[in-house]
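Peer 1: following is a predicted model, sequence given first.
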Protein chains: 4
Amino acid sequence: MQIGLVGLGKMGGNMRERLRNAGHTVIGYDTNPDLSDVAHLSDLVDGLDGPRAVWVMVPAGTVTQNVIDQLASLLKPGDVVVDGGNSRWTDDEKHARELGARGIGFVDAGVSGGVWGLKNGYALMVGGDEEHVERLKPIFDALKPHGPYGYVHAGRVGAGHFAKMVHNGIEYAMMQAYAEGWELLEKADSVDNVREVFRSWQEGTVIRSWLLDLAVHALDEDEHLEGLRGYAEDSGEGRWTVEAAIDHAVPLPAITASLFSRFASRQEDSPQMKMIAALRNQFGGHAVESAKKH
Amino acid sequence: MQIGLVGLGKMGGNMRERLRNAGHTVIGYDTNPDLSDVAHLSDLVDGLDGPRAVWVMVPAGTVTQNVIDQLASLLKPGDVVVDGGNSRWTDDEKHARELGARGIGFVDAGVSGGVWGLKNGYALMVGGDEEHVERLKPIFDALKPHGPYGYVHAGRVGAGHFAKMVHNGIEYAMMQAYAEGWELLEKADSVDNVREVFRSWQEGTVIRSWLLDLAVHALDEDEHLEGLRGYAEDSGEGRWTVEAAIDHAVPLPAITASLFSRFASRQEDSPQMKMIAALRNQFGGHAVESAKKH
Amino acid sequence: MQIGLVGLGKMGGNMRERLRNAGHTVIGYDTNPDLSDVAHLSDLVDGLDGPRAVWVMVPAGTVTQNVIDQLASLLKPGDVVVDGGNSRWTDDEKHARELGARGIGFVDAGVSGGVWGLKNGYALMVGGDEEHVERLKPIFDALKPHGPYGYVHAGRVGAGHFAKMVHNGIEYAMMQAYAEGWELLEKADSVDNVREVFRSWQEGTVIRSWLLDLAVHALDEDEHLEGLRGYAEDSGEGRWTVEAAIDHAVPLPAITASLFSRFASRQEDSPQMKMIAALRNQFGGHAVESAKKH
Amino acid sequence: MQIGLVGLGKMGGNMRERLRNAGHTVIGYDTNPDLSDVAHLSDLVDGLDGPRAVWVMVPAGTVTQNVIDQLASLLKPGDVVVDGGNSRWTDDEKHARELGARGIGFVDAGVSGGVWGLKNGYALMVGGDEEHVERLKPIFDALKPHGPYGYVHAGRVGAGHFAKMVHNGIEYAMMQAYAEGWELLEKADSVDNVREVFRSWQEGTVIRSWLLDLAVHALDEDEHLEGLRGYAEDSGEGRWTVEAAIDHAVPLPAITASLFSRFASRQEDSPQMKMIAALRNQFGGHAVESAKKH
């Protein structure tokens, strides 16, 4: 089928390729003319036969809102928009309402797969009305991995991004789990070769996983990760997961600990630990380290 | 080769079968005569040609110590003992010393695989001197999964159980990660079918793993886990992981949170939350719930 | 000076009394006619000489918004409104804007002191423009404790509620600290009398505090808190503290742990621990406890 | 009464002074001859009339064990030893047994008060048999603060150090609570003066405490703690508190989070966050920061 694809970065560009490999007709638009198939977003819309489907794959927040606003005025009743970016699920209802007021359908799709998606397929978590989701089925089928898994219509508008958000929260805590274990093993006197321990875990253990395989790849490249700094960004979904948990009064200790570890990793020095040092000095005369020394 | 196997419970019994399937001669001993191949531990020792190898697969702590003590007097210099149970790594050095004083070798083996091990093989993490480990290689090869993974000689005596202990710590936090995500999804209004979300994650996602497959199995048996109580034991390794982290001053927030969640799951009521309730009542006149109502 | 006071519940009623004791003229309004000095909110406004000051002391959220909306139409330019309730700091900017559009000033005041405030005074954390704050100084002076502390003009509009919110976050973690320590002492075989340990801590220790004094009061009423259920509400500020921390990428492990402990205390059974139990059963054949037994 | 005091460092030296101010006869011994009243430990023992009391105030672990061993051979049946250092409660039983075998009594005393103890008195948490504790009452009375609090006979041998250990665990989490709140306030745009917020909290609030007073002192010396590094040691008791909690299956999330924050504060770079960075790079092509840049 035909589809418009807005945003041809690392993710969008690969998705265009995977869709074309599957025989679909893709008109891609990007603000970078080197990547774009057409000069203007309106050219993308004009190039599609109605009823149209347009997949939006741009950064969450202002950029996505801006594209949705433009599509709202360019598209026609009966068309449908998919937001495949990392939007917050609370934005989805707003977008569905805005587009729905003009008779345009809206579907949200959480997409997982990263740089491996082109080859292995993208896992898709989709939210929206059955009629809109059904229409996009050929596209979803082309993007998803072969085999029985990797796609779910999770519920109404917002459910796709909510499911993807929780996926990422789980991802944070799984990564933290391996990372904590790795650091502890590296500290153990008796263990000679932590990398080989990790490698051995790839079969027969309870903790075998794709992330474990990636950890072994990383250790093969740099056995003690000496070339890296212990610095990790967080992408929004981790924060939203904790906020959603607070909204629902669900305790999330492991996921939240993982998020906080990332926050701490980005601080050159910890203000709160300065206060701890100051208090210890006040009551116990414990020596403090002056900031100047560092 | 020949091997003695002490302890023929759920794990030991299946290991005997897997070893025999691989063509090894196994003499098994268990205090339960219905399971045992011989009447006494001494019969097991007498039945093996020297230099002997005896695999101990009994509960950690007193029971293991007791078997080691008996083997110390029954075995001969040049024999070797493997402790494949869930012993604390600090016990291994003691056992190696005690047996070494009589010329008997000692190897510790952390074993993962649970009820799936008979079919899929057991992941083995082994600690000990090269000469002792090398001698047991045919046994390890029979027990481990086919393929390149599932076995590591992690380091000197104690390294096998240390690596297995960390494996279990990671396992705690991974299980906690999926569990937190599952509870949050179950609370979300927009998501219709959490089980299908979990099922879809089995391919193409960052969080695909064997534990995720098991979660889907569990949800297929009982979609909302209504038949279960939220009650989880912990087996020792989780506690030791945190204690080892404290010894090495390594922060383990996610693994520790997972351990504490299990502790809390086993309390009918939380004493510490009684104190919170009491304090809120003292300063704010906040209503408390009396214990009698419940 | 004259002041209108909207909301005469547990907090507002006592504040009216403390203000009158200090010689101020207070016209109080409450929807409960038994508590109210006047029949209608408009009577309160009409009863005050201009420029008027009206203190709002009603539940945060819809009720506060509703009162602010009414006051916006009843008051005149030059009047000033104080929100002394537990509003979220993000609401303050909105309220200041809405009232400011009509020339009415706005001040936010975080108020601490609970049932003890009438006697000991209320700690006040205030946000707003200097001119509005200055005009209300006599009211703040009457409400605050005697002595040099208990009042701060923390910053611009929103700063008062932000400071109060953080105060409550700290309060959560301090309560959690004592509660955790109490539970551990209660479990220790060697300690005969935990209540007397707590009592002794009230002087000479690093951890002496007003909350500790309250803990001793509570233990004097019920030595082992057997009459209470371990169930604790949370009031909004704890949640907002964690959300503010997420906005600013500040790790708050102890405060967040305290919030999550409260969430968990309110669950009859823990869904996430059901998943842990289900997974343990899947891979290890570990016994589960069925929900029916409880 | 007469008492021997072994260890005249920051704590012991001040305690000698406070005891002498109260009219007691103190013979102090220290390995530093500038501090010591006598040349040898045996001179201290010889200088006291029997039945003797000797207070040991030296670093926990090997040093304390060494002094106990020496006193075991120097003292006579009917004498009594007090360990006032920061020994682990599990050492107390051992010491009591060793001394008891020679007819010498043993009392453990947890001592709080730091550099403020000389003036304000030391809070004492004491464990041991009634007869030994009773004999030392005049010494405890002289050391403790005036007023009804600051002293408890908590239980049998070990209970004093156990109670002090829990005190320190609570102290960790209280310090963490203020530290987290301080960092969040420092990040808030609306709050002008965090120090004044802290100062105001010293009266009328739920969180007023001696530690809060110390925080204000510290901020008066260095408003943003710019001269300090966010680096905090931990002294043993925090670790033992968590270990005791694990032994008793008591969840201690806030205290443990506080301990882990100290561990993390002492790492130049976080190994576990290197693994997080490596994994993000593997699956998402996320940029990593190389260690060289820092």
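Peer 2: Arrived safely.
Peer 1: if I look at the residue nearest to residue A:182 when sequence neighbours are not counted, how far off is chain B?
Peer 2: The shortest distance from residue A:182 to any non-neighbouring residue, by C-beta to C-beta, 6 or more residues apart in numbering or on different chains, is to residue D:275 (4.9 Å). For glycine as for every other residue, the C-beta is placed from the backbone atoms N, C-alpha and C. Relative to chain B, residue D:275 is positioned 12 Å away (C-beta to the nearest C-beta, to the nearest Å).
Peer 1: next, the buried residues of the helix or strand encompassing residue D:275.
Peer 2: Per DSSP states H and E: residue D:275 is located in helix D:271-284. Neighbour-count burial for helix D:271-284 flags D:271-284 (criterion: 16 or more other C-beta atoms under 10 Å in any protein chain shown).
Peer 1: can I get these in JSON lines including distance to residue A:210?
Peer 2: Output for the buried residues of helix D:271-284, formatted as JSON lines (distance: C-beta to C-beta, whole Å):
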{"residue": "D:271", "distance to residue A:210": "22"}
{"residue": "D:272", "distance to residue A:210": "19"}
{"residue": "D:273", "distance to residue A:210": "21"}
{"residue": "D:274", "distance to residue A:210": "20"}
{"residue": "D:275", "distance to residue A:210": "15"}
{"residue": "D:276", "distance to residue A:210": "16"}
{"residue": "D:277", "distance to residue A:210": "18"}
{"residue": "D:278", "distance to residue A:210": "14"}
{"residue": "D:279", "distance to residue A:210": "10"}
{"residue": "D:280", "distance to residue A:210": "14"}
{"residue": "D:281", "distance to residue A:210": "15"}
{"residue": "D:282", "distance to residue A:210": "10"}
{"residue": "D:283", "distance to residue A:210": "8"}
{"residue": "D:284", "distance to residue A:210": "13"}
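Peer 1: pick out the most distant pair among the residues you listed.
Peer 2: D:271 and D:284 (20.6 Å; C-beta to C-beta).
Peer 1: do the helix or strand of chain A with the lowest mean pLDDT and chain B come into contact?
Peer 2: Counting by mean pLDDT, DSSP states H and E, the weakest-scoring helix or strand in chain A turns out to be helix A:117-120, with a mean of 91. Yes: if you take C-beta under 8 Å from any C-beta of the partner chain as the test, helix A:117-120 does meet chain B, through A:117, A:120.
Peer 1: got a list of what residue A:21 touches?
Peer 2: residue A:142 (C-beta atoms under 8 Å, 6 or more residues apart in numbering or on different chains).
Peer 1: and it, how far from residue D:121?
Peer 2: 80 Å (C-beta to C-beta, to the nearest Å).
Peer 1: show me what the helix holding residue D:275 is packed up against.
Peer 2: Applying 3 or more C-beta pairs under 8 Å, 6 or more residues apart in numbering or on different chains; DSSP states H and E, one finds that helix D:271-284 contacts helix A:159-187, helix A:210-221, helix A:253-265.
Peer 1: ok now the longest one, how far from the chain's centre?
Peer 2: The one in question is helix A:159-187. 13 Å (C-alpha atoms, centre = their mean, to the nearest Å).
Peer 1: next: stretch A:192-201.
Peer 2: Using C-alpha atoms, centre = their mean, the offset of stretch A:192-201 from its chain centre is 29 Å.
Peer 1: dump the residue contacts of residue A:129.
Peer 2: A:105, A:107, A:156, A:157.
Peer 1: show the contacting residues for the last one.
Peer 2: To tie it back to what came earlier, the one meant is residue A:157. Neighbours of residue A:157 in contact, by C-beta under 8 Å, 6+ apart: A:92, A:93, A:96, A:106, A:107, A:108, A:127, A:128, A:129, B:190.
Peer 1: let's have the helices and strands packed on helix D:271-284 in CSV, adding mean neighbour count and mean pLDDT.
Peer 2: Output for the helices and strands packed on helix D:271-284, formatted as CSV (neighbours: other C-beta atoms under 10 Å in any protein chain shown; pLDDT from 0 to 100):
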stretch, mean neighbour count, mean pLDDT
helix A:159-187, 28, 98
helix A:210-221, 19, 97
helix A:253-265, 27, 98
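Peer 1: closest to residue A:63 out of those?
Peer 2: Nearest of the helices and strands packed on helix D:271-284 (C-beta to C-beta): helix A:159-187, 15.5 Å.
Peer 1: hang on, isn't residue A:225 packed against residue A:231?
Peer 2: No: in this structure residue A:225 lies outside contact range of residue A:231 using C-beta atoms under 8 Å: 11.8 Å.
Peer 1: where do the contact lists of those two overlap?
Peer 2: Common neighbours of residue A:225 and residue A:231 are listed as residue D:277 (criterion: C-beta under 8 Å, 6+ apart).
Peer 1: looking at those two, which one has more neighbours?
Peer 2: Neighbours per residue (other C-beta atoms under 10 Å in any protein chain shown) separate residue A:225 from residue A:231, with residue A:225 holding more: 24 against 21.
Peer 1: nearest residue to that one in space, please, no chain neighbours.
Peer 2: Residue A:225 sits nearest to residue D:274 (C-beta to C-beta, 6+ apart), 4.1 Å away.
Peer 1: how many neighbours does residue A:50 have?
Peer 2: 12.
Peer 1: now do the contacts for it.
Peer 2: Contacts of residue A:50 (C-beta under 8 Å, 6+ apart): A:76, A:78, A:79.
Peer 1: again, but for residue A:58
Peer 2: Per C-beta under 8 Å, 6+ apart, neighbours of residue A:58: A:6, A:7, A:9, A:12, A:64, A:67, A:85.
Peer 1: could you rerun that using 7 Å?
Peer 2: A:6, A:7, A:64, A:67, A:85 (C-beta atoms under 7 Å, 6 or more residues apart in numbering or on different chains).
Peer 1: check the gap between the second one and residue A:35 for me.
Peer 2: Spelled out, that is residue A:7. On the measure of C-beta to C-beta, residue A:7 and residue A:35 end up 9 Å apart.
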